[in-house]
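Chemist: I would like to see how this sequence folds:
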Amino acid sequence: MGHAALQPSRVPGDLLVDRPGRLRYLNWLERLNCDYCGYANGPVAYAREVSTRTEQYFCPIKHAAHLAGAHLRYQKFADFGDAQAYRENMTPLRDELKKPDSPPG
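Modeler: All right, here's what the predicted structure looks like:
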C-alpha cells in the first residue's frame, strides 16, 4: 500500500459513528438521515486525514493565496516562497507523522 507515515493511525471504522440507535427520540426517517450522515462523513473525514498527511509529508508549503477551510496541519507549513523555512521544517514535520499520537489534521 502507501507510505506508512501517510496512513492515519485511526482505522476507517473509527471514523464511522453509530448514533441513531442510541437516539430514541428520532423517528425512522430521522434515524435513516442520521445513518446516512454518519456513513457519508466518516469516509470523507478519513480521506481528508490521508490527504492532509500526504501534503504534510511531501509539500508542507502554504498556498500563495488565502486558503479557506485549511486543515489544522496547515498552520505548521512554511510560508509560500520561504525556501529556508521549507528546508528547516521538512524533517520535523515528517517525523511528527511517524508518532502514533500524531494529532489529526
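Chemist: now stretch 94-101, how far from the chain's geometric center?
Modeler: For stretch 94-101, the distance from its own C-alpha centre to the chain's C-alpha centre is 14 Å (CA atoms, centre = their mean, to the nearest Å).
Chemist: What's the separation between Tyr86 and Glu30?
Modeler: In this structure, Tyr86 lies at 48 Å from Glu30, with CB to CB, to the nearest Å as the measure. Placement of C-beta: from N, CA and C, glycine included.
Chemist: Please say which of the two ends up with more neighbours.
Modeler: Using other CB atoms under 10 Å, the more surrounded residue of Tyr86 and Glu30 is Tyr86, with 18 against 12.
Chemist: wait, the more buried one sits on Lys76?
Modeler: No - between Tyr86 and Lys76 there is no contact under CB atoms under 8 Å: 11.6 Å.
Chemist: Find residues that contact each of these two.
Modeler: Jointly contacting Tyr86 and Lys76 under the rule CB atoms under 8 Å, 6 or more residues apart in numbering are Pro60.
Chemist: Arg73 against Thr54, yeah?
Modeler: No - applying CB under 8 Å, one finds Arg73 not in contact with Thr54, separated by 10.4 Å.
Chemist: Which one of those two is surrounded by more residues?
Modeler: Set Arg73 next to Thr54 and count neighbours by other CB under 10 Å: Arg73 wins out with 20 against 16.
Chemist: Helix, strand, or coil at the more buried one?
Modeler: Three-state call for Arg73 (DSSP: H, G, I helix; E, B strand; the rest coil): helix.
Chemist: if I pick it, what's in contact with it?
Modeler: By CB under 8 Å, 6+ apart, the contact set of Arg73 is Thr52, Arg53, Glu55, Gln56, Pro60, Gly105.
Chemist: quick one: low-confidence ranges for the protein?
Modeler: For the chain, residues meeting the criterion pLDDT under 70 lie at 1-21.
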